[in-house]
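Engineer: what follows is a protein structure lacking sequence information:
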Ligand code: SAM
Ligand code: DTB
Ligand code: SF4
């Protein structure tokens, strides 16, 4: 049984109030508002679109770990850095489904499967689509993050019933090439367009604490908000510094700046789920509480993310109790 209380949310109650095209200047103005004004504004928007005490819970599994050809400077799984993560093959479908069953019994309503690929090979698509079908049959929403996708691969995933595809833009267009050189910002946008075109919901966000400027953070959110349709889900990761990676010694982001960025995400994308993603292990309860106040309404649960630590059930259950938060429960999937 889950330690989290659950509640039912009717997605159709969520008001569609996208702001339209918010410019960088306007977004910077909002980011720099006096903190209390920013908190008030973000929370008011959050409250008018969501139940402020309900948090969606996802569980992650790395279905293919390590040995990745890309050189993302933050990642434990890139073959370009001596991070100590061993490369392994794609997991068996049955193994993934038995892990998914445990996640569902622990209260997760969405199961996210990640692979350390630049892009999937067509020969892997059969196993991948079997994972999607199997997890859906367990009554959970499905999410995958497999790297860049062609229109054909996107259509196959849509056909299997994939609910969400996670593909982060990670930072601003300006800063992108300082973090990753093996692909471009435009490559990322192209996959997001392929996924959208296939009818899969989009999960796209980024990482804070990589040495980016305030302008970079704000610009990343403006790019996301101004996509033809904003992402339904926006993960905001705080960098987990990985020993051996290029960003092992990056200066941590100040918690107030982190909260400001989450608040701006909520204001620019009023009806999207904003996920407080990687980095919660090193975040105080107070910082997390402020993030939930300004509009974060989704987390990853469990002891592990893909390769790195996550707070785990006991700490999260205690935090939820103290804050009076509940896990959101899904409508039955048909
Ligand atoms: N290979 C696929 C890709 O890059 O799209 C999927 C997996 S990748 C690990 C998913 C996302 O996790 C990245 O885009 C990045 O935003 C986030 N991430 C990876 N390592 C991280 C770290 N050390 N700290 C915070 N976020 C991280
Ligand atoms: C996302 O934005 N964050 C998750 C998920 N999408 C796939 C991944 C976080 C990874 C953290 C580092 C690790 O576990 O290796
Ligand atoms: Fe590979 Fe994804 Fe890690 Fe980049 S973030 S190195 S693409 S697993």
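Structural biologist: Here it is on my side, so go on. Given the structure is predicted, the values throughout are model-derived calculations rather than measurements. Ligands and ions are numbered 1, 2, ... in the order given.

Engineer: the protein: helices as residue ranges?
Structural biologist: Assignment of helices within the chain using DSSP state H yields the ranges 24-31, 35-49, 93-105, 125-137, 151-159, 173-179, 185-197, 214-225, 255-268, 285-294, 313-323.

Engineer: and these: which comes nearest residue 236?
Structural biologist: Closest approach to residue 236 among these (CB to CB): helix 255-268, 5.6 Å. All C-beta atoms are positioned from the backbone trio N, CA, C, and that covers glycine.

Engineer: tell me what angle that closest one forms with helix 214-225.
Structural biologist: Put simply, helix 255-268 runs at 30 degrees to helix 214-225, going by axes from the mean of the first three to the mean of the last three CA atoms, to 10 degrees.

Engineer: any idea how far helix 255-268 is from the middle of the chain?
Structural biologist: How far helix 255-268 lies from its chain's middle: 15 Å, per CA atoms, centre = their mean, to the nearest Å.

Engineer: which strands or helices does that helix pack on?
Structural biologist: helix 24-31, helix 35-49, strand 206-208, helix 214-225, strand 233-238, strand 273-276, helix 285-294 (3 or more CB pairs under 8 Å, 6 or more residues apart in numbering; DSSP states H and E).

Engineer: residues contacting whichever residue of the stretch 101-250 of the chain sits closest to ligand 2?
Structural biologist: As assessed by CB to the nearest ligand atom, ligand 2 sits closest to residue 235 within the stretch 101-250 of the chain, at 3.4 Å. Contacts for residue 235 were tallied using CB atoms under 8 Å, 6 or more residues apart in numbering; they are 166, 168, 203-206, 275, 277.

Engineer: same check, this time on residue 305
Structural biologist: Shown in contact with residue 305 (CB under 8 Å, 6+ apart): 60, 240, 277-278.

Engineer: could you give the number of residues near residue 283?
Structural biologist: 17 (other CB atoms under 10 Å).

Engineer: could I get the phi/psi values of it?
Structural biologist: phi -100, psi 140 (degrees, to the nearest 10).

Engineer: does it touch residue 255 like I think?
Structural biologist: Yes. In this structure, residue 283 is within contact of residue 255 by CB atoms under 8 Å, at 7.3 Å.

Engineer: before we move on, back to that, a markdown table for the helices and strands packed on helix 255-268, including mean pLDDT?
Structural biologist: A markdown table is the format used below for the helices and strands packed on helix 255-268 (pLDDT from 0 to 100):
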| stretch | mean pLDDT |
| --- | --- |
| helix 24-31 | 97 |
| helix 35-49 | 98 |
| strand 206-208 | 98 |
| helix 214-225 | 98 |
| strand 233-238 | 98 |
| strand 273-276 | 98 |
| helix 285-294 | 98 |
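
Engineer: pipe the ones you listed into a markdown table and attach distance to ligand 1 per row.
Structural biologist: Output for the helices and strands packed on helix 255-268, formatted as a markdown table (distance: least, CB to the nearest ligand atom, whole Å):
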| stretch | distance to ligand 1 |
| --- | --- |
| helix 24-31 | 20 |
| helix 35-49 | 22 |
| strand 206-208 | 5 |
| helix 214-225 | 11 |
| strand 233-238 | 4 |
| strand 273-276 | 11 |
| helix 285-294 | 15 |
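
Engineer: now residue 165: closest residue in space that isn't a chain neighbour?
Structural biologist: Among residues not flanking residue 165 along the chain, residue 195 sits closest, at 4.4 Å (CB to CB, 6 or more residues apart in numbering).

Engineer: burial count for the one you found?
Structural biologist: 27.

Engineer: surely it touches residue 156?
Structural biologist: No. Using CB under 8 Å, residue 195 makes no contact with residue 156, being 11.8 Å away.

Engineer: quick one on the thing from earlier: show me which of the contacts of residue 235 is closest to ligand 1.
Structural biologist: Among the contacts of residue 235, residue 168 lies closest to ligand 1 (CB to the nearest ligand atom), at 3.6 Å.

Engineer: residues in contact with the closest residue to ligand 3 within the stretch 101-250 of the chain?
Structural biologist: Of all residues in the stretch 101-250 of the chain, the one sitting closest to ligand 3 is residue 116 (3.7 Å; CB to the nearest ligand atom). The contact partners of residue 116, by CB under 8 Å, 6+ apart, come to 62, 64-68, 75, 77, 87, 306.

Engineer: rewinding a little: now render the helices of the chain as TSV, adding distance to ligand 3.
Structural biologist: What follows is those, written out as TSV (distance: least, CB to the nearest ligand atom, whole Å):
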stretch	distance to ligand 3
helix 24-31	26
helix 35-49	28
helix 93-105	17
helix 125-137	15
helix 151-159	15
helix 173-179	10
helix 185-197	10
helix 214-225	16
helix 255-268	20
helix 285-294	23
helix 313-323	24
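
Engineer: turn these into a markdown table, including distance to residue 245.
Structural biologist: Putting the helices of the chain into a markdown table (distance: least, CB to CB, whole Å) gives the following:
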| stretch | distance to residue 245 |
| --- | --- |
| helix 24-31 | 28 |
| helix 35-49 | 32 |
| helix 93-105 | 26 |
| helix 125-137 | 26 |
| helix 151-159 | 28 |
| helix 173-179 | 11 |
| helix 185-197 | 19 |
| helix 214-225 | 19 |
| helix 255-268 | 20 |
| helix 285-294 | 23 |
| helix 313-323 | 25 |
